[in-house]
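After the sequence you'll find the predicted model.
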Amino acid sequence: MRKKILFVINTMGRAGAETAMLELLKHLDSPDYDISLYVIMGQGEMIGKLPPYVRLRNPKFDAHSVLSREGKRGMARTVWDAFRRNGGQIKKICHIVKTLAAMVRKGKLQTDKLLWRMLSDGALRFDEDFDLAVAWLEGASAYYVADYVRAARKCAFVHIDYESAGYTREMDRGCWDSFDRIFMVSDEVRQHFLAVYPEHAAKADIFHNMVDQEGIRRLAAQGSGFSDGYEGARLLTVGRLTYQKAYDIAIDAMKRLKEKGVRARWYVLGEGDQRKALEKKIAALDLREDFLLLGAVENPYPYYAQADLYVHATRFEGKSIAIQEAQTLGCAVVASDCNGNREQIEEGVDGLLCPLTSEAIADSVASLLADGERRRALGQAAGRKSLAQGQELETFLALLD
């Protein structure tokens, strides 16, 4: 009999966790499995990449990005539908108010985390049993699988530094007790999760992101990449325009590079809720021709291949797929010395780690742009790294036994 597996994810937007899930699904193409996907928000432009053997359980799906005008309207409808569905409106309001108060006390308002519990409570329910239910992300998908999915075994994936991302035990309400396995994408992610939940150490395993290196190299040879004809050094960063990614500091670093007389242009591939604020800062520092927000692109790999240097200066990470993609394509990397990044960069061997300050980033970038031989050596070492999966996939599939 075929094993029934249900994956649950918050959205299918263009981001690292969604990319990693799609890669795992490629490895589950087997007549032994009946695979389903349920997307809590029922939205996201990456849905077109879902393998044909995976059954989408959302009766309606909006392929617009949640960051687009149409996507934001769809997201508002989804939130309203979740509030009305399954009853318990007073309970939902009370949880939102309680969570909001806690965020205000800590001085950190995060709208998505404010609504995850309500979205979980108001999501569709399935009147069937699964052999394995997989919560692919923290927040709504974890709450939903814990509370509302009937499955013989349950597992969850944690992709971020749990402490820095703002999750709390009060917000989670014991959801992790329901899982047989909790997979972390890196050792540091595991450490930070267990700092919040030490009682779950026995079921916390490592499952590194699955990366199709040959596929990335193949796609890098397709498409045109940069088209502006710029003849100076090109810096590249790939990632959502969010507070976590620290583009505000990167813009200051670009200003310093310009003041140093470094001939370079910084390009960013990605979209996010910080775009307007970043555009305002770029204009204020007169960097419109120097720091370019190109938006999200279907195939970012030609840009990696054509860049002189990849820069990943973030406030915190789980395990960055963007760094893995850059390394696959032989990019020298400058990254902030923070959780997640330091596990992927071997200092002075395949990249440089530096403090998250505009001065340190600018100095590291300038030093590598001035030393082409060292930059090429770092890139060559990065390109030789193997990201092949080891025992992780077998550990995952053992949950079906």
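Yep, it's here.

check contacts around Ala366.
For Ala366, the contact set (Cβ atoms under 8 Å, 6 or more residues apart in numbering) comprises 257, 260, 262. For glycine as for every other residue, the C-beta is placed from the backbone atoms N, C-alpha and C.

what about the last one, neighbour count?
In other words, Val262. Burial of Val262 is recorded as 17 neighbouring residues (other Cβ atoms under 10 Å).

So it versus Glu199, what's the distance?
In this view, Val262 and Glu199 are 50 Å apart by Cβ to Cβ, to the nearest Å.

Repeat that for Ala398.
As judged by Cβ to Cβ, Ala398 and Glu199 stand 22 Å apart.

before we move on, what about Asp252?
According to Cβ to Cβ, Asp252 and Glu199 sit 42 Å apart.

more crowded one of those two?
When neighbours are counted by other Cβ under 10 Å, Asp252 and Glu199 differ, and Asp252 comes out ahead with 19 against 9.

Skip the chain neighbours and tell me the closest residue to that one.
Excluding the flanking residues, the one nearest Asp252 by Cβ to Cβ, 6 or more residues apart in numbering is Ser358, at 3.6 Å.

my read: the one you found touches Ala253, true?
Yes - between Ser358 and Ala253 a contact is recorded at 4.3 Å, counting by Cβ atoms under 8 Å.

higher neighbour count, these two?
Neighbour totals were compared for Ser358 and Ala253, and Ala253 leads with 29 against 19 (other Cβ under 10 Å).

can you pull the contacts of the more buried one?
Residues near Ala253 by Cβ under 8 Å, 6+ apart: 313, 358-359, 361-362, 365.

pLDDT wise, what is it at?
On the pLDDT scale, Ala253 is placed at 97.

Tell me the buried residues in the helix or strand in which it is found?
Using DSSP states H and E, Ala253 falls within helix 247-259. Of the residues in helix 247-259, those buried under the neighbour-count criterion (16 or more other Cβ atoms under 10 Å) are 247, 249-258.

Now the very next helix or strand once past it: average pLDDT?
Of the helices and strands lying after helix 247-259 in sequence (DSSP H and E), the nearest is strand 264-269. What strand 264-269 shows for mean pLDDT is 97.

Then stretch 42-50?
On average, stretch 42-50 scores 93.

Endpoint to endpoint, stretch 220-240 covers what distance?
From its first residue to its last, stretch 220-240 covers 20 Å (Cα to Cα, to the nearest Å).

sorry, that was for stretch 79-94
16 Å.

What residues of that stretch count as buried?
Buried residues in stretch 79-94 (16+ other Cβ under 10 Å): 82-83, 92.

out of the residues you listed, which are inside helices?
Among the buried residues of stretch 79-94, the residues falling in helices (DSSP state H) are 82-83, 92.

Specify which member of the residues you listed is nearest to Glu45.
For those, the closest approach to Glu45 (Cβ to Cβ) belongs to Ala82, at 20.8 Å.

so what's that closest one up against?
By Cβ under 8 Å, 6+ apart, the contact set of Ala82 is 118-119, 121-123.

quick one on the thing from earlier: distance between the helix holding Ala253 and the chain's centre?
How far helix 247-259 lies from its chain's middle: 24 Å, per Cα atoms, centre = their mean, to the nearest Å.

okay, the angle between that helix and strand 264-269?
160 degrees (axes from the mean of the first three to the mean of the last three Cα atoms, to 10 degrees).

so of the contacts of Ala82, which ones are in helices?
Those of these mapping onto helices are 118-119, 121, per DSSP H.
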